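> need a 3D model of the sequence below.
(one chain, ligands or ions: 1)
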Amino acid sequence: MELILASNNKHKLEEIRAILGNEYKIVSLNDIGCHEEIPETQDTLKGNALQKASFIYERYHKNCFADDTGLEIEFLGNQPGVYSARYAGEHCSFEDNMNKVLAEMGDTNHRKACFKTVIALILDGKEYFFEGRVDGEILRERHGREGFGYDPIFQPIGYQKSFAELSAEEKNRISHRGRAIQQLANFIKNLK
Ligand code: IMP
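Numbering: from 1, shown residues only. Just a heads-up that it's a prediction; the model follows:
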């Protein structure tokens, strides 16, 4: 089965291909010659995931899926949430975003947070959704060099290491995106 992933993010493609295995051909936007900026203007993860998948389905009429992820921090009223990529402003870096979170958290002991990923899948015009979540806490400073985004300041429950101190395999096994992809994989493997 061939599925288009509405992204060109290499890291995501590798992670998804590793979980789904060889039976599924996961094709990127570059692979199908789509070089347009896909709009992502909704105010929920589900809305954004569906917006991205629908954009591709409407243009290419091929089965596809898209994901959207947010970091929700209790002390910040569940921000940055759907705005995680540009929390410190348009075109900001991962470092800028982490600096903003650490500054806003100050030395509070209320540090609970979770990552959530929603995947929207469109198969023959029908929409399906999958969600993955991992709970943890925001550290007081950065730890580790692996991963990306907020990984150096997020420590999953039950671990004494940040996401940026785990190997890619360890992180994928427990991460929000890993869990959402696993659900997608279970669903499409049961379609046959
Ligand atoms: P996206 O929806 O996958 O593009 O994720 C939105 C933003 O959430 C990214 O720009 C990152 O800042 C953050 N993010 C997503 N996934 C992760 C992760 O696995 N670790 C750390 N940060 C992440």
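
> least trustworthy helix or strand in this structure by mean pLDDT?
helix 10-20 (a mean of 85; mean pLDDT, DSSP states H and E).

> for Asp96, see how far away Ala85 is.
Distance from Ala85 to Asp96, counting by Cβ to Cβ, to the nearest Å: 11 Å. Yep, even glycine has a C-beta here, placed from its N, CA and C like the rest.

> more neighbours: which of these two?
Between Ala85 and Asp96, counted using other Cβ atoms under 10 Å, Ala85 has the larger neighbour count: 17 against 14.

> which residues touch the residue nearest the centre of the chain?
Nearest to the mean C-alpha position of the chain, by Cα atoms, centre = their mean, lies Thr69 at 3.7 Å. Contact analysis of Thr69 by Cβ atoms under 8 Å, 6 or more residues apart in numbering lists 45, 84, 115-118, 176-177.

> tell me the one among those residues nearest to Lys10.
Nearest to Lys10 among those is Arg177, at 13.9 Å by Cβ to Cβ.

> got any ranges where the protein has weak pLDDT?
Applying pLDDT under 70 to the chain flags residues 192.

> could you rerun that using 90?
Across the chain, the ranges flagged by pLDDT under 90 are 1, 8-24, 37, 147, 168-169, 172, 188-192.

> where's the residue of it found nearest the ligand relative to Phe163, distance?
At 2.3 Å from the ligand, Gly149 is the closest residue in the chain, using Cβ to the nearest ligand atom. Gly149 sits 9 Å away from Phe163, going by Cβ to Cβ.
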